[in-house]
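Novice: Let me see the structure of the following:
(chains A, B, C and D)
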Number of protein chains: 2
Amino acid sequence: MGELHAAVARRLERHDHRYTRRRRHLVETLARAARPVTLPQIATHSDELPQSSAYRNLEVLERCGVVSRIAGTADHAHFELAEPLVEHHHHLVCVACGSLEDVHLDQELETLVDAELAQAAAAAGFTPTHHSLDLHGFCQDCEPEQ
Amino acid sequence: MGELHAAVARRLERHDHRYTRRRRHLVETLARAARPVTLPQIATHSDELPQSSAYRNLEVLERCGVVSRIAGTADHAHFELAEPLVEHHHHLVCVACGSLEDVHLDQELETLVDAELAQAAAAAGFTPTHHSLDLHGFCQDCEPEQ
DNA sequence: CTCAGTGCAAAGGATTTGCATGCCG
DNA sequence: CGGCATGCAAATCCTTTGCACTGAG
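Specialist: Numbers count the residues shown, from 1 in each chain, chains lettered A, B, ... in the order given. Below is the predicted model:
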């Protein structure tokens, strides 16, 4: 956890931002979640967290490459630690409740995908930054009646 | 185009919905777009389209498996024809302006991805319906200054 | 006649922003 | 001191909903 904070602090400094208690708390909550969480979920683990501060800090953290925002079909956006800070992974997305779960794929397949996508991107004059590969379906809690 | 309308009509009937002029017009606009479009973009190609009707019809079409809604980081959601009606494909997503572009990948890779995802899903008690594999980056218009 | 479809107007609700204050460097 | 950080309140704006009217079968 100390390493994480050091890495985050470095990223914030690089953008002339401070690593305040609020931000440290947000990062710790995200690190502990081990899956993308919504702002209400974050607030649960943090008494007295004004929404505007939360959103504003998450936005700063996003611009500094510390947090990733995931906009799905769910009412709220989900937030997670950005990729250089956590291992590359993907998500299981529940089409019923919109919840997200982390999932890791074989490295070889990732490489194949990246190569193929890079080729397609070049053909379209597109400059890629990263890919997302999500599986949509029903989570355990939303299992469709068989 | 006739085939498309027939297929859409069948899906609507199955859900006890009519294939009205408005809905026919929406489907034709989406078919011609050849990329996911926002509601304002749809309205451009259609004079006198009340928003509430558009949203309501898109919702009906979505429930009937005719339209897919894509919620990204852009202000507006994007809509496209659902997959059984158009070929399986993925998207180039511009991280700057949020625009979407269709992209087709090698079938062999798709199969590999599906197999790997199915395995991961099973391990998590997740019932998959489909995958999404998007490439994020900068579109031609938003090319970052080098 | 009946019931889905339509459209205007108003509501809903996640997220953003204005502004005054607090606080770290 | 200067400028970011904070938080309350209000605004924003995409999308949904209430309700009365229309039209297809």
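
Novice: going forward, measure contacts between C-alpha atoms and count neighbours the same way
Specialist: Fine.

Novice: Kindly report the domain assignment for chain A.
Specialist: Split into domains by automatic domain parsing, chain A comes to A:1-86, A:88-146.

Novice: which stretch among those domains comes nearest chain B?
Specialist: domain A:88-146 (4.0 Å; C-alpha to the nearest C-alpha).

Novice: now the angle from the helix or strand harbouring A:P128 to strand B:127-138?
Specialist: Using DSSP states H and E, A:P128 maps to strand A:127-138. Orientation check (axes from the mean of the first three to the mean of the last three C-alpha atoms, to 10 degrees): strand A:127-138 against strand B:127-138 gives 160 degrees.

Novice: Can you spell out which helices and strands pack onto strand A:127-138?
Specialist: Counting contacts by 3 or more C-alpha pairs under 8 Å, 6 or more residues apart in numbering or on different chains; DSSP states H and E, strand A:127-138 packs against strand A:90-94, helix A:107-123, strand B:127-138.

Novice: Starting from that strand, tell me which strands it pairs with and how they run.
Specialist: Here strand A:127-138 has these sheet partners by DSSP bridges: strand A:90-94 (parallel), strand B:127-138 (antiparallel).

Novice: now these in a markdown table, with mean pLDDT, mean neighbour count and distance to DNA strand C?
Specialist: Below are these laid out as a markdown table (pLDDT from 0 to 100; neighbours: other C-alpha atoms under 10 Å in any protein chain shown; distance: least, C-alpha to the nearest atom of the strand, whole Å):
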| stretch | mean pLDDT | mean neighbour count | distance to DNA strand C |
| --- | --- | --- | --- |
| strand A:90-94 | 96 | 23 | 16 |
| strand B:127-138 | 95 | 20 | 19 |
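
Novice: if we can go back for a sec, for the helices and strands packed on strand A:127-138, which one sits closest to DNA strand D?
Specialist: With C-alpha to the nearest atom of the strand as the criterion, DNA strand D lies closest to strand A:90-94 of the helices and strands packed on strand A:127-138, at 16.9 Å.

Novice: Give the next helix or strand downstream of the closest one.
Specialist: Using DSSP H and E, the helix or strand that directly follows strand A:90-94 along the chain is strand A:100-103.

Novice: where in chain A is pLDDT low?
Specialist: Scanning chain A for pLDDT under 70 picks out the ranges A:145-146.

Novice: Spell out which residues of chain A are next to chain B.
Specialist: When proximity is defined by C-alpha under 8 Å from any C-alpha of the partner chain, chain A lies next to chain B at A:70-73, A:92, A:103-106, A:109, A:112-113, A:116-117, A:120-121, A:125-140, A:143.

Novice: what residue lies at the spatial centre of chain A?
Specialist: Centroid check for chain A by C-alpha atoms, centre = their mean gives A:E80 as the closest residue, at 2.9 Å.

Novice: Can you tell me who that residue pairs with across the strands?
Specialist: Going by DSSP bridges, A:E80 is paired in beta bridges with A:S68.

Novice: Compute the distance between it and A:D16, please.
Specialist: Separation of A:E80 from A:D16 (C-alpha to C-alpha, to the nearest Å): 22 Å.

Novice: for A:P84, same thing?
Specialist: Between A:P84 and A:D16 the computed distance is 20 Å (C-alpha to C-alpha).

Novice: For A:R32, find the nearest of the strands paired with strand A:127-138.
Specialist: A:R32 sits nearest to strand A:90-94 of all the strands paired with strand A:127-138, at 16.9 Å, using C-alpha to C-alpha.

Novice: Got phi/psi on A:A9?
Specialist: phi -60, psi -40 (degrees, to the nearest 10).

Novice: how about the residues of chain A near DNA strand C?
Specialist: Counting by C-alpha under 7 Å from any atom of the strand, chain A comes close to DNA strand C at A:38-39, A:51-52, A:55-56, A:59, A:75-77.

Novice: The same query, at a cut-off of 6 Å, please.
Specialist: By C-alpha under 6 Å from any atom of the strand, the residues of chain A that approach DNA strand C are A:39, A:51-52, A:55-56, A:75-77.

Novice: Run a quick neighbour tally on A:S99.
Specialist: A:S99 has 20 neighbours, counted by other C-alpha atoms under 10 Å in any protein chain shown.

Novice: Backbone dihedrals for it, both of them.
Specialist: Torsion angles, degrees, to the nearest 10, at A:S99: phi -70, psi 160.

Novice: Neighbours of A:P144, how many?
Specialist: The local packing of A:P144 (other C-alpha under 10 Å) involves 11 other residues.
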